[in-house]
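Participant: I'll drop the sequence and a predicted model, then ask my questions.
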Amino acid sequence: MKHLRCLFLLCLIFFSNFLSAHPHIFIDCSADFVFDRNGLAGITIDWLFDEGYSSSIIYDYDKDEDGSFCAGEIKMIEKESFSNLKNFSYFTHLSSAGKAYDVKSVRDFSVEITTGRVRYIFFVPYVVCAGSSCKNVELSMHDETYYTTMAYVKKDPVRFKNSSQYVCGFKIIEDKNDSYYFGQIFPKKIIMEFKRRNEQK
Amino acid sequence: MNRNRLLAVFLLLLFSPAVFAADNPFFAKKSKLKTAITVRYPAPVQWVIKKIAPVQQRLTARLTVLTRQLKRRHNSRLLIKLCFFAFIYGVIHALGPGHGKTIIFSYFLSEQAEAKKGVLTGTIIAFMQSLSSIIIVSALYLFVRHAHMTSIENFSRVIKPVSYGLISLVGLFLMVKPLKVLLQKGRSGQNKNSEYSADRGSMLSLAFAVGIIPCPGAVILLLFSMSMQVLKIGVLLVLVMALGMAATISAAGVLSIVFRRGILNLFPGRKKSVEIFRPFAALAGSFVIFFMGLVLFFISL
């Protein structure tokens, strides 16, 4: 009976616990919060793919084999290997003041090759007006199907652009109240806070 | 372990997300399957789940770096190292969904078999999945002189309903025998002594049905080696990776065989109870295969 119990446990571990360990694409990501005079204007997202997946993108789209993508090649990549992500909110999950925002469109898509790895860069318009009190924005980058796994880069995962008028700060937390992929993975969220800087008289 | 607990574990295994292998979201439409189901595990298990993805990432990075090095200078020690990492990658990669572990587990729950049959079926599935990846990538390369990721994804999308349909048919076929026994028993009121041993035909059909879907992990490895113009090394790596995958999938088969034996040993000296249990176990296992195949078939359409 004891042995059988062990077997049950083994089966449970074998079939349920490790099943989420199945990503095929690995992305190192970072975010630039871009401000204008009204407050937050949007976020520039940077995805650096693993070398294996990058090689298939390079092989498929770098037709002239010059080690970079021209405008036409970038257009093709956007059409064939990026635009479908609108069905997955571009793996970009945003909310502010507890209100979730479904990312339906992005702009300024570009692709680079950095030491053999493909980098996608695009801008997600997301307006949050600044005030004298703190506003917060929550950003999580993850693929709910877990086909792709995303991790924030160690060095400067979050940067601020045109932020001289604002006081900004961020922290990255593992949100235990939120989960995806059948509740097995907890997303890492960037919580960014900002407010208008007090003018010196 | 009481009956309710046993049933709960069985249902958890049956409806575990292992069944639902995801498509590449960069190309595929969003799954119709709602991911509202949540499965929470104890903290140490959750920790393992968290750790496995970075391990896979490190392994793939290691494989790509070593392949580059091997291209620059041919070195047998480097090749052995590369094969070692490909094997480990295969073992870990097959722990994820979409490699037929749940199917093989259900099959050997329903059919009586020796452990070596579990190993054999697992090995056939792993090599079939790798071979189908090699065939599709090489064929596209030979005929189109280019193997687009999109073409491979399109091919996978076509082959998936075929595979799931076949799995469902095998399940249906396996249900016939225990159903016959149960119907006969119902008519005569007697327990007929019958064996449900795994025959070569059903084992091979199942292995074929599960194995025809190319493994995306192997495809990415092949495309990488093709882009590096070392396709032969890529093929070798995928075959070694298949060995690793075979170890994991076979373990599922062997585990199921031992598990079945353990259940039957619960009734020592009660031959009659065992005879009653056997057709039900066979029917349940084959129904799981049939049902999973059917669900996956409709999801993949």
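Facilitator: Alright, I've got the coordinates.

Participant: can you pull out the low-pLDDT segments for chain A?
Facilitator: Scanning chain A for pLDDT under 70 picks out A:1-22, A:181-184, A:199-201.

Participant: change it to 90
Facilitator: A:1-25, A:51-53, A:55-67, A:80, A:97-98, A:115-116, A:131-132, A:144-149, A:174-188, A:197-201 (pLDDT under 90).

Participant: that one: helices as residue ranges?
Facilitator: A:2-12, A:51-61, A:71-81 (DSSP state H).

Participant: now swap in chain B and tell me
Facilitator: For chain B, the helices defined by DSSP H occupy B:3-14, B:43-72, B:76-93, B:101-110, B:115-144, B:149-188, B:200-211, B:216-227, B:231-264, B:271-300.

Participant: by mean pLDDT, show me the worst of those helices.
Facilitator: Among those, helix B:3-14 carries the lowest mean pLDDT, at a mean of 47.

Participant: neighbours of residue B:105, just the number please.
Facilitator: 27 (other Cβ atoms under 10 Å in any protein chain shown). C-beta here means a position set from N, CA and C on the backbone, and glycine is covered the same way.

Participant: quick one, what contacts the residue lying closest to residue B:62 once chain neighbours are set aside?
Facilitator: Excluding the flanking residues, the one nearest residue B:62 by Cβ to Cβ, 6 or more residues apart in numbering or on different chains is residue B:85, at 5.2 Å. Contacts for residue B:85 (Cβ atoms under 8 Å, 6 or more residues apart in numbering or on different chains) come out as B:59, B:62-63, B:66.

Participant: cutoff 10 Å now
Facilitator: B:58-60, B:62-63, B:65-66, B:237, B:240-241, B:244 (Cβ atoms under 10 Å, 6 or more residues apart in numbering or on different chains).

Participant: with residue A:189 instead?
Facilitator: A:93, A:95, A:138-142, A:171-175, A:178.

Participant: residue closest to the middle of the chain?
Facilitator: With no chain named, the answer covers chain A. Closest to where the C-alpha atoms of chain A average out (Cα atoms, centre = their mean) is residue A:141, at 3.1 Å.

Participant: hm, I was asking about chain B
Facilitator: For chain B, the residue nearest the mean C-alpha position is residue B:100 (1.7 Å; Cα atoms, centre = their mean).

Participant: torsion angles phi and psi at that one?
Facilitator: phi 80, psi 20 (degrees, to the nearest 10).

Participant: contacting residues for the spatially closest residue to it that is not a sequence neighbour?
Facilitator: Sequence neighbours aside, residue B:210 is the residue nearest to residue B:100 in space, at 3.6 Å (criterion: Cβ to Cβ, 6+ apart). Each residue near residue B:210 by Cβ under 10 Å, 6+ apart is listed here: B:98-104, B:107, B:121, B:124-126, B:128-129, B:163-164, B:166-167, B:170, B:249, B:289, B:293.

Participant: run the last query once more with 7 Å
Facilitator: Counting by Cβ atoms under 7 Å, 6 or more residues apart in numbering or on different chains, residue B:210 makes contact with B:100, B:103, B:125, B:163, B:167.
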